[in-house]
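J.: Task: produce atomic coordinates for the following.
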Amino acid sequence: MKAALQVARLAAVLFVIGCFVSIAAATGVRVGNVTYDDRSLIVNGKRELIFSGSIHYPRSPPSLWPDLLEKAKQGGLNAISTYVFWNAHEPAPGEFNFEGQYDLVKFIKLVQQNGMYAILRIGPFIQAEWNHGGFPYWLREIEGITFRTNNDPFKFYMERFVRKVIEVMKKENLFASQGGPIILAQVSASSFYLGKNEFLQTCNIAAAFEGNGTEYVQWAANMAHSTNIGVPWIMCKQKEAPGTVIPTCNGRNCGDTFVRKDQTKPIFWTENWTAQYRVFGDPPSQRSAEDIAFAVVRFFSKMGTLTNYYMYHGGTNFDRNGAAFVSTRYYDEAPLDEYGLLKEPKWGHLRDMHHALRLSRKGLLWGTPSYVQFNKSLEAWVYEKPDEKFCVAFLTNIHRRMDATVKFRGINYFLPRRSISILPDCRTVVFNTQRVNAQHNSRTFHTAKETQEKNAWKMYKEPILKYGQTAVRRQEPQELFEMTKDKTDYVWYSTSFRIDDNDLPIRQDIRPVLQVRSFGHAIHAFVNGKYIGTGHGSKIQGLFQFSKPMDLKPGTNHISILGITVGLHDSGPYLEHRMAGPDKITIQGLNTGTLDLSANGWGHEVSLFGEKMKIYNEEQTAKVQWTDAKSGQQVSWYKVFIQTH
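T.: Numbering: from 1, shown residues only. Predicted structure coming up:
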């Protein structure tokens, strides 16, 4: 009976908090002064706990933004974090676009109208599984440039973009110092490797560039301060940061992995990965609600005061915006799925956790911390001020397999395996990370009936180009990125060669073999107009070898290779020097030995014919001849009309 009364009392308290959140959302948030001390952010003179979630405005249609923000608020968040996407906002040097899906001002204003804070991660290097890590392609063509180091051309364009973004924000009074919602801004650094146990495979940029990397980090911090935005700056993946810049942690368990070196700065967690982003070929990634809750509560129990879920809503990599081999669906396993639907029990369990942590706010922000270790698996973190009669306790069982009971201040508490119980008054358990009360749900897809009707699908098959049909002729195959310039994913590589009967194998069971060494990402190979096979690399290993048997004839033969990119790389040093495309092409198995075609003279045609005709637009579909769709066709377009409601 006593336990039931405690649960009822908690429900009433959470309902009151929920009402308060709704009122705040209705009135919007107006911030003034933002500073920090060793404990937390200080907003309008008061310490704050920040529960933030990443929602990237280009990864969802603008019509969906209000619903996403409302659901994030209902989920207990009080802040929204977003990157700023340089290649989207400056597609050509000095030409800026802040409209439509890239209307950053509109997005930030909606955050404010929803009664929430904003964290603006300007970068401009963002990684984020975004094409080229956010860098525009034209940047790599600047003479003498090296990304993310003490390089004058890079610093010039990087600073120009950062100042442009700040100019746009200031013009609309969006920084907290102007009464806006932006309480933190991030300048790019990303200079330290996270460790072999973390999923994100970033390279050690500082090590790659030695002293120039360190000088760049210092320069970036000084440049950021000179913008006078009136709110603190942060740098992620840092254990320490220059001057007043706050270093922050990225990862899954920052409560255990992040060690604060500067005791004058608060402990922030800018990326708490709610799942694992997917590359093509990966199975769905799962991270349980219980695991996320344990990591967050542990972080707050150890003096953390800001966490940001990456992602809270992932959305979709529209157009060609995904990084190399990253799938179109982005963080579908986040609390809000790709379509903005609630992912239960993750959304609800985290909502309940946020409410419980808010009940502990006073102790976390003003209490004196103490630590009690019962044994190697059981511990307690306590925050209290006896003279002010408040006390908060976090009872922790870090054992991954065994439940336990611990006696704390004369009372026995049951702790499930790898869980933390929150006691806002040091007596009453209001939340345990392993006990899920939120409902479970599942998502069901229904097939559009129009797609199942006879002859509903039509197809257009791309022409397989020969050497004489190409526009660019060179002795050797040209580098793929340099040819596409990030305007398309496709380039035809074509060559012709002559052989006679004496070159062909005598035995009929032996066939010549086409071998292609490629720096990535994929190829479709055709010989005399006939498809012979596909080869591709992967996110981890871009370089691959293609080897397929083929049929040749006496006389002239034609080889056509469709080189394909699957996004530009988004991380690591020397992004500006990454390569793709076929490099060495040979024919094995001829009577006269290996035939090396690498310098045979190659024709190149950038993009597909259908792309040039823009047949992906309804009004342009009549420019080509469509036929009834067939399966197993390579390099083909498919179309169907679906009635929407």
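J.: Can you give me the distance of the residue nearest the centre of the chain to residue 51?
T.: Most central in the chain under C-alpha atoms, centre = their mean is residue 128, positioned 3.3 Å from the mean C-alpha point. Distance, residue 128 to residue 51, by C-beta to C-beta, to the nearest Å: 21 Å. Glycine gets a C-beta too; all of them are placed from N, C-alpha and C.
J.: same deal with residue 407?
T.: If you measure residue 407 against residue 51 using C-beta to C-beta, the figure is 31 Å.
J.: Compare neighbour counts for those two and give me the winner.
T.: Taking other C-beta atoms under 10 Å, residue 407 and residue 51 do not tie; residue 51 has more neighbours (26 against 10).
J.: In its sheet, which strands sit next to the helix or strand harbouring the more buried one, and in what direction?
T.: Element membership of residue 51 [criterion: DSSP states H and E] is strand 50-55. Paired neighbours of strand 50-55 in the sheet (DSSP bridges): strand 79-83 (parallel), strand 304-313 (parallel).
J.: Where does the record place the domain boundaries for the protein?
T.: 2-359, 362-445, 463-607 (automatic domain parsing).
J.: Just put these in a markdown table and tack on distance to residue 628 and mean pLDDT.
T.: Compiled in a markdown table, the domains of the chain are given as follows (distance: least, C-beta to C-beta, whole Å; pLDDT from 0 to 100):
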| stretch | distance to residue 628 | mean pLDDT |
| --- | --- | --- |
| domain 2-359 | 27 | 88 |
| domain 362-445 | 26 | 97 |
| domain 463-607 | 19 | 96 |
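J.: ranking these by burial, who's on top?
T.: Neighbour counts (mean count of other C-beta atoms under 10 Å) averaged over each of the domains of the chain peak at domain 2-359, with a mean of 19.
J.: and the nearest residue to residue 158 once chain neighbours are set aside, how far is that from residue 70?
T.: The spatially closest residue to residue 158, leaving aside those adjacent along the chain, is residue 124, at 5.8 Å (C-beta to C-beta, 6 or more residues apart in numbering). As for residue 124, its distance to residue 70 is 29 Å (criterion: C-beta to C-beta).
J.: Repeat that for residue 497.
T.: Remark: distance between residue 497 and residue 70 (C-beta to C-beta) = 63 Å.
J.: Now do the same contact list for residue 488.
T.: Shown in contact with residue 488 (C-beta atoms under 8 Å, 6 or more residues apart in numbering): 606-608, 611.
J.: Please, which helix or strand holds it?
T.: Residue 488 belongs to no helix or strand, assigned by DSSP H and E.
J.: Strands of the stretch 401-550 of the chain, start to end?
T.: In the stretch 401-550 of the chain, the strands defined using DSSP state E, counting those that start in this stretch lie at 404-408, 411-415, 419-423, 431-432, 458-461, 472-474, 490-499, 513-518, 522-527, 530-536, 544-549.
J.: Distance to residue 177 added to those strands, as a markdown table?
T.: Listed next are the strands of the stretch 401-550 of the chain as a markdown table, based on distance: least, C-beta to C-beta, whole Å:
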| stretch | distance to residue 177 |
| --- | --- |
| strand 404-408 | 44 |
| strand 411-415 | 44 |
| strand 419-423 | 34 |
| strand 431-432 | 35 |
| strand 458-461 | 55 |
| strand 472-474 | 52 |
| strand 490-499 | 48 |
| strand 513-518 | 52 |
| strand 522-527 | 49 |
| strand 530-536 | 50 |
| strand 544-549 | 52 |
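J.: circling back: and which of the contacts of residue 488 is nearest residue 510?
T.: residue 608 (34.8 Å; C-beta to C-beta).
J.: My guess is the closest one contacts residue 635. True?
T.: Yes: using C-beta atoms under 8 Å, residue 608 is in contact with residue 635, at 7.3 Å.
J.: Common neighbours of those two, please.
T.: By C-beta under 8 Å, 6+ apart, the residues touching both residue 608 and residue 635 are residue 462.
J.: quick one, what contacts residue 99?
T.: Counting by C-beta under 8 Å, 6+ apart, residue 99 has no contacts.
J.: Repeat that for the one 5 residues further on.
T.: The neighbourhood of residue 104, defined by C-beta under 8 Å, 6+ apart, consists of 57, 82, 84, 89, 98, 165, 168-169.
J.: Now, those that are in helices?
T.: Of these, the ones assigned to helices by DSSP state H are 89, 165, 168-169.
J.: any idea which of those is closest to residue 542?
T.: Of these, the one sitting nearest to residue 542 (C-beta to C-beta) turns out to be residue 89, at 27.7 Å.
J.: what about that closest one, distance to residue 396?
T.: 44 Å.
J.: try residue 102
T.: According to C-beta to C-beta, residue 102 stands 44 Å off from residue 396.
J.: got a list of contacts for the strand holding residue 51?
T.: 40-41, 65, 68-69, 72, 75-83, 117, 119, 183, 271, 305-313, 315, 335-336, 354, 357.
J.: One more: stretch 456-476?
T.: So stretch 456-476 is contacted by 450-451, 478, 483, 492, 494-496, 526, 529, 558, 560, 598-599, 601-606, 608-610, 615, 624-630, 633, 635-641 (C-beta under 8 Å, 6+ apart).
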